[in-house]
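next comes the sequence, and after it the predicted model I'd like to discuss.
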Amino acid sequence: MAKEEILLTAAGYAELEEELNDLRINKRAENVAAIKEARSHGDLSENSEYDAARDEQAKIEARIQELEYKLENATIIANKDKDSVNVGSEVTILYVEDEEEDTYSIVGSLEADPFENKISNESPIGKALMGRKVGDVIPVEGPNGTYEVKITKIA
């Protein structure tokens, strides 16, 4: 089976590492204490606190495994090319039709967060921008049809 490549910026990698360490160090210990407390309440077959703590333990362990997998398969993108758009670029675009300007960070799909203007290289606009240069006018296939954007700045 081919190894899945997960693209991350250095900041995104650090965030995942931080979450993993928090789960291993803090959340596991809190959960063990919750299980121990629930066990002290007697009969485990009718103990909803114990069941909830065990469910939480399963969620924590699953998330730890998921994060370990992502970090093991991560490729950290160090974008040094400021001439064209790549993962790690900060791109300012002008929406041609309504002349509105927006700045986006192009990130791997794992880090995408539209509320923070972080768009995936796999999103329609991210795909359209990849490899393009300042001044390029690009058609983007959106859910409501095609629109055009012009790259005004790459940082």
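Sure, I can see it.

how about the helix ranked longest in the chain: buried residues?
In the chain, taking DSSP state H as the definition, the longest helix is helix 48-72. Using 16 or more other C-beta atoms under 10 Å as the test for burial, helix 48-72 gives 50, 53-54, 57, 60, 64, 67, 70. Placement of C-beta: from N, CA and C, glycine included.

tell me which residues of the helix or strand that that helix is followed by come out buried.
For helix 48-72, the following helix or strand on the C-terminal side (DSSP states H and E) is strand 74-77. For strand 74-77, a neighbour-count test (16+ other C-beta under 10 Å) marks 74, 77 as buried.

elements contacting strand 74-77?
strand 6-9, helix 10-22 (3 or more C-beta pairs under 8 Å, 6 or more residues apart in numbering; DSSP states H and E).

so how far is the shortest one off the chain centroid?
Offset of strand 6-9 from its chain centre (C-alpha atoms, centre = their mean, to the nearest Å): 8 Å.

from the contact counts, what lies against that strand?
strand 74-77, strand 100-107.

output that strand as PDB, nothing but the C-alphas.
Provided in PDB are the C-alpha atoms of strand 6-9 (Å, rounded to 0.1, in the frame of the first residue of the first chain):
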ATOM      1  CA  ILE A   6       0.100  14.700   4.200                       C
ATOM      2  CA  LEU A   7       1.100  18.300   3.400                       C
ATOM      3  CA  LEU A   8       1.600  20.500   6.500                       C
ATOM      4  CA  THR A   9       3.100  23.900   7.100                       C
END
